[in-house]
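Asks: I would like to see how this sequence folds:
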Amino acid sequence: MTTALDTNVLSALWNDHDALNRLAAKTLDEVQKESGMVICGAVYAELLGAPGRTEEFVDRFCEEAGIVVEWELGEKVWRAAGVAFQGYAARRRKQRRAEARRILADFLVGAHAMVNGYRLLTLDASVYQAAFPRLGIRSL
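Replies: As a prediction, the model looks like this:
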């Protein structure tokens, strides 16, 4: 089964000071051996936001790691992301929690994985489980 990668897993991998750095490296190595890896365009764009990251760096990393970038999301992904974001907003209004707010890109990442039948590797399993109950999730 193909594994879609969430931005936070790659960010942990790239940050030597992150407590999850070694676990991210080990897990990605395992995933690379057992399945294909993909990211959607939203993850690619978020990765460029890291200090010192360039398109050339991200492109080279993806190529060397065997990560395919899927740029086109399609109507089903956009609709699924919108429905999941709507559900999240309703839950957030009802619960009035102080947890970090999620952005639409998170729901595009989850919808991309779900619609395409991928498993999602993420640090935010609970967020994706609530938004996409049918999505297969692997967490660090």
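
Asks: what is the neighbour count of the spatially closest residue to Tyr128 that is not a sequence neighbour?
Replies: Nearest-residue entry for Tyr128: Gly110, 4.9 Å, with adjacent residues in sequence omitted and distances by Cβ to Cβ, 6 or more residues apart in numbering. For every residue, glycine as well, the C-beta is placed using N, CA and C. Here the neighbour count serves as a burial measure; for Gly110 (other Cβ atoms under 10 Å) it reads 30.

Asks: confirm for me that Ala105 is in contact with Glu46.
Replies: Yes. Look at Ala105 against Glu46 with Cβ atoms under 8 Å: they come within range, at 6.3 Å.

Asks: which one's more surrounded, those two?
Replies: Each of Ala105 and Glu46 had its neighbours counted (other Cβ under 10 Å), and the higher figure belongs to Glu46 (21 against 16).

Asks: if I pick that one, what's in contact with it?
Replies: Applying Cβ atoms under 8 Å, 6 or more residues apart in numbering to Glu46 gives the contacts 7, 105.

Asks: quick check, pLDDT for it.
Replies: Turning to Glu46, the model gives it a pLDDT of 96.

Asks: using the three-state scheme, assign it.
Replies: helix (DSSP: H, G, I helix; E, B strand; the rest coil).

Asks: same check, this time on the one 10 residues further on
Replies: Three-state call for Glu56 (three-state DSSP): helix.

Asks: ok so Glu72 is a strand residue?
Replies: No. With three-state DSSP as the criterion, Glu72 is located in coil rather than a strand.

Asks: residues near Tyr128, how many?
Replies: Once other Cβ under 10 Å is used to define contacts, Tyr128 is seen to have 23 neighbours.

Asks: which residues of this protein fall in strands?
Replies: Counting by DSSP state E, the chain has these strands, from start to end: 3-5, 37-40, 67-70, 119-122, 136-139.

Asks: measure Pro133 to Val31 for me?
Replies: For Pro133, the distance to Val31 equals 22 Å [Cβ to Cβ, to the nearest Å].
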